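Participant: sequence first, then the predicted structure, then my questions.
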Amino acid sequence: MNLKTYLKVMLLLLSITTMNAQEGLPIYSDYLTDNYYLIHPSMAGVANCAKVRLTARQQWFGSDNAPRLGTLSVNGRLGDGPSALGGIIYSDRNGFHSQVGAYATYAHHIMFSRNEIDLNMLSFGLSAGFIQYKLDETSFLSQGFDPIIAGIEQSATNFNIDFGFSYHFLNFYAHATVKNVLNNEGINFNEQGLSFDNLRTYLLSVGNTFSKYGSDWSYEPSIMFMYRDATQESSIDINGKVYKQMDFGRLWGGLSYRRSFDGAQLLDGSGVSNQRLQYVTPFIGVDYNNFVFAYTYSYQANSVVFNNGGFHQITLGYNFNCRREKYDCNCPAVN
């Protein structure tokens with residue numbers, strides 16, 4: 001690979017990872033491990049149990065300053081009423097960039113059905129929080145003075161909100177969320193070094209669970225569409241999930257495929273090629289009584305990558321204050 005090609009590849013990788021490092025809570029595939037609340041505030045308190053979820057993600061083992069993410073979330077209903085509260089704290093590091101954040105969520109759930117057997121519910125959620133961004137430049141001046149490098153750890157703290165809604169009808173569900181609604185200026189830079197203040201991201205999720213009457217098996221296909229307003233980038237997740245009911249709880253697993261609709265051009269020796277971001281993510285989990293354990297592995301399926309290693313993630317969870325399962329539906333996120 002010649003120098004020009006190498007520089008273009010690094011530009012592609014940096015544009016992807018730097019955007020993720022500065023967008024607030026990154027959006028990976030961990031929402032599929034019974035953790036939709038991480039990306040959709042309207043999912044706070046939607047289940048018959050209050051939930052605590054702890055996740056740890058590590059990318060590119062063996063690489064210095066590789067991206068890593070940790071999240072802790074809790075959400076649940078306020079008594080038997082329609083209101084719910086939630087909270088998220090997280091830490092995200094990516095090379096010399098890092099961020100920590102905390103969100104508080106209020107959600108409200110409106111029942112349209114005449115009884116508690118048929119599920120027909122519309123939910124609204126609003127999250128508000130603070131994010132502190134840091135850029136560590138203390139090691140940038142090893143080769144001498146540079147007038148555009150301060151050589152210190154720069155930081156900035158901003159306030160932002162996420163808003164969205166969810167609709168559940170029997171086995172069907174749909175979620176729509178706008179993340180980072182407010183403008184935050186002066187802390188984010190694109191690959192040309194230009195500042196921008198628009199971090200809005202639009203998410204749309206749709207899915208349905210299918211099963212035969214009396215069967216212990218159920219199947220949940222779903223999709224998630226994501227659009228970033230500032231860069232006009234879009235991608236889609238195509239997901240398949242399988243559940244097996246057991247005496248002790250439930251086994252589940254599946255596969256997610258993420259593909260970007262936008263690509264980056266690079267020189268491949270014989271001409272100019274176009275490469276789109278692609279992730280293949282298998283995952284597996286178990287619900288044992290009130291405990292949840294899940295493992296997720298993401299592989300970047302591109303011909304030109306920074307590292308051939310994958311992205312490992314573990315999710316630990318606990319359900320508490322559980323009420324009886326009210327609804328006659330195959331709806332794992334609710335019952």
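Facilitator: Received the coordinates, thanks.
Participant: can we go C-alpha only for contacts and neighbour counts from here?
Facilitator: Noted.
Participant: ok, then the element right after the helix or strand hosting Ala84?
Facilitator: According to DSSP states H and E, Ala84 maps onto strand 83-94. Sequence order places strand 97-111 as the next helix or strand after strand 83-94, per DSSP H and E.
Participant: tell me the mean pLDDT for that next one?
Facilitator: The average pLDDT within strand 97-111 is 94.
Participant: what angle separates the strand holding Ala84 from strand 97-111?
Facilitator: Angle, strand 83-94 to strand 97-111, by axes from the mean of the first three to the mean of the last three Cα atoms, to 10 degrees: 160 degrees.
Participant: quickly run through the sheet partners of strand 83-94, with directions.
Facilitator: Looking at strand 83-94 with DSSP bridges, its partner strands are strand 68-77 (antiparallel), strand 97-111 (antiparallel).
Participant: quick one: closest of those to Ser234.
Facilitator: strand 68-77 (22.3 Å; Cα to Cα).
Participant: give me the distance from the closest one to the chain's centre.
Facilitator: Computed by Cα atoms, centre = their mean, to the nearest Å, the separation of strand 68-77 from the middle of its chain amounts to 11 Å.
Participant: re the thing from before, tell me which residues of the strand holding Ala84 are tucked away?
Facilitator: The neighbour-count check on strand 83-94 (16 or more other Cα atoms under 10 Å) flags 83-94 as buried.
Participant: ok, back up a step: wait, which of the strands paired with strand 83-94 is closest to Glu325?
Facilitator: Counting by Cα to Cα, Glu325 lies closest to strand 68-77 out of the strands paired with strand 83-94; the figure is 14.1 Å.
Participant: okay, now Lys212: neighbour count?
Facilitator: Per other Cα atoms under 10 Å, the neighbour tally for Lys212 reads 9.
Participant: where does the chain dip in pLDDT?
Facilitator: Low-confidence segments of the chain (pLDDT under 70): 1-23, 60-65, 137-152, 185-196, 263-274, 302-309.
Participant: show me the helices in it, by range?
Facilitator: For the chain, the helices defined by DSSP state H occupy 3-21.
Participant: where is the longest strand in it?
Facilitator: strand 249-267 (DSSP state E).
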